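Novice: Build me a structure from this.
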Amino acid sequence: MTTVSRPAGTDERWEQFHRWGPYALLAVSTALAVPAGPLLPTAGTPGRLVGPVAAALALQLWWHHRRRTAAPGTVPALAYYALRTALAFALTWLNPFYAIFAVMGNFDIGVLLPPRLQRFGLALTAVTMAGSQSGGLPPGPGAVGWGLFGGLFLLHFGLGLLFSHLAKRDADRAAAKAAAITELERANARLEQALQENAGLHAQLLVQAREAGVADERRRLAAEIHDTIAQGLTGIITQLQAATDTPDPHRARSHVARAAALARRSLGEARRSVQDLGPGDLEHDALPEALEKLVRNWSARTGARAGLTLTGTVEPLHDELEATLLRIAQEALANVDRHAAADRVGVTLSYMGDEVSLDIRDDGRGFDPLALPPRSATGGFGLGGMRARAERVAGTVDIESEPGAGTAVSARVPLVRHG
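Specialist: Model (predicted):
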């Protein structure tokens, strides 16, 4: 069965109508009925209206205080609707103008009656309205009077059903809209929660990446000390011991000179390793400026000609990416100094839309990448370490080289902007 519950957007206005409407309709009906009573042959005298009108007003005052706690279908709601309908019927019997008061039964039927009784309530209101418009109650004598009454009854009952159906449809639409809004709010809440969880996972991944970088730096420094500084100190001890053991002054000076050279080289390696613990060059400079200084200082120290070339539009990169590229450049240049015996080195930093590439090419002696000896567990940083460092930021490192044809190291990382 249909109901006349109203959309949520008009609740406040309908609340006011249900509260004050019966008073207003009863007053209008009385204002029209009293002066028109003598003119209507079926109307009773004004004195006969006093009792039913007073009863209707008292009923309305009682309901005014009970309506907030009475749900549809409860005993107070059913009693109020039944008594008001009976009083409206009686008043309309005495004077047809009280049909104005009776029409209230079509507006609050969904507020007072359960669905199974709503058609019955509409029928009672239709009886009252039809009697009013067919010349009063009871209908006029003969088939014409009852036929007019029956036609008007069917008209009012059909209109009541139609308006009830339209009200239910509006209420269903409002309920569907409210449900859609509620579901959208829940979806937004789930999305916000997922974004918060994603941000937490992202932060956790960054922390893990930094911790992995710290561990890698410790392993790299241990390998550097083992491969360079420790070996240099061993050589120094050997040369000084040889100088002490030989009686030949010329040979002793030669051993001391070799020890001094090894000491200077070891000192340089120690300084390089300490400086390479963190990207100190990036504290005050962006990656291009840090690379420019690195290449210039390396060239001045080694005597080889070296230069930096920039291509594309320079973008501020995420700190991890800049540190990774700078570390790879430092290690690649160190390898050139140790092994390549190159005269010229070219470093190219390219910004290419969604990725950044760093290329270091030299004209040194080169090597066969497939013939490299296996690295020990404590081996130096090396080419494998460069690849591992790039892979931690979803990048790659490729090596191209052959004996006598120089070496090219190419690192590629995704372009993730700073912040």
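
Novice: need the contact list for residue 401.
Specialist: Applying C-beta atoms under 8 Å, 6 or more residues apart in numbering, we find residue 401 in contact with 366, 367, 368, 369, 407, 408. (C-beta placed from N, C-alpha, C; glycine too.)

Novice: how about the CA coordinates for the host helix or strand of residue 100, as CSV?
Specialist: According to DSSP states H and E, residue 100 maps onto helix 99-102. Extracted C-alpha coordinates of helix 99-102, given in CSV (Å, rounded to 0.1, in the frame of the first residue of the first chain):
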residue,chain,number,x,y,z
ALA,A,99,-15.3,19.4,4.1
ILE,A,100,-12.4,21.9,4.1
PHE,A,101,-11.5,20.5,7.6
ALA,A,102,-12.1,16.9,6.5
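
Novice: how deep is residue 74 tucked in, by neighbour count?
Specialist: 14 (other C-beta atoms under 10 Å).

Novice: And the one 10 residues further on, by the same measure?
Specialist: Number of residues near residue 84 (other C-beta under 10 Å) recorded here: 23.

Novice: ok, back up a step: I'd like the next helix or strand past the helix holding residue 100.
Specialist: Proceeding N to C from helix 99-102, the next assigned helix or strand is helix 109-112, under DSSP H and E.

Novice: still on that earlier bit, filter the contacts of residue 401 down to just the buried residues.
Specialist: Neighbour-count burial (16 or more other C-beta atoms under 10 Å) applied to the contacts of residue 401 gives 366, 367, 407, 408.

Novice: what's the farthest-apart pair in those?
Specialist: 367 and 408 (11.9 Å; C-beta to C-beta).

Novice: In contact with residue 120: list those residues for me.
Specialist: residue 113.

Novice: give me every residue that touches residue 29.
Specialist: By C-beta under 8 Å, 6+ apart, the residues touching residue 29 are 91, 95, 97, 98, 99, 100, 101.

Novice: What does the second one show for phi and psi?
Specialist: In this entry, residue 95 is assigned phi and psi values of phi -150, psi 120 (degrees, to the nearest 10).

Novice: My guess is residue 345 contacts residue 333. True?
Specialist: Yes - with contact defined as C-beta atoms under 8 Å, residue 345 reaches residue 333; the gap is 7.0 Å.

Novice: domain ranges for the protein?
Specialist: 8-185, 285-419 (automatic domain parsing).

Novice: any idea how far the shortest one is from the chain center?
Specialist: To tie it back to what came earlier, the one meant is domain 285-419. 39 Å (C-alpha atoms, centre = their mean, to the nearest Å).

Novice: Please apply the same query to the first one.
Specialist: Remark: domain 8-185 is offset 51 Å from the chain centroid, using C-alpha atoms, centre = their mean.

Novice: any idea of the mean pLDDT in the longest helix along the chain?
Specialist: Secondary structure assigned by DSSP state H gives helix 142-224 as the longest helix of the chain. What helix 142-224 shows for mean pLDDT is 78.
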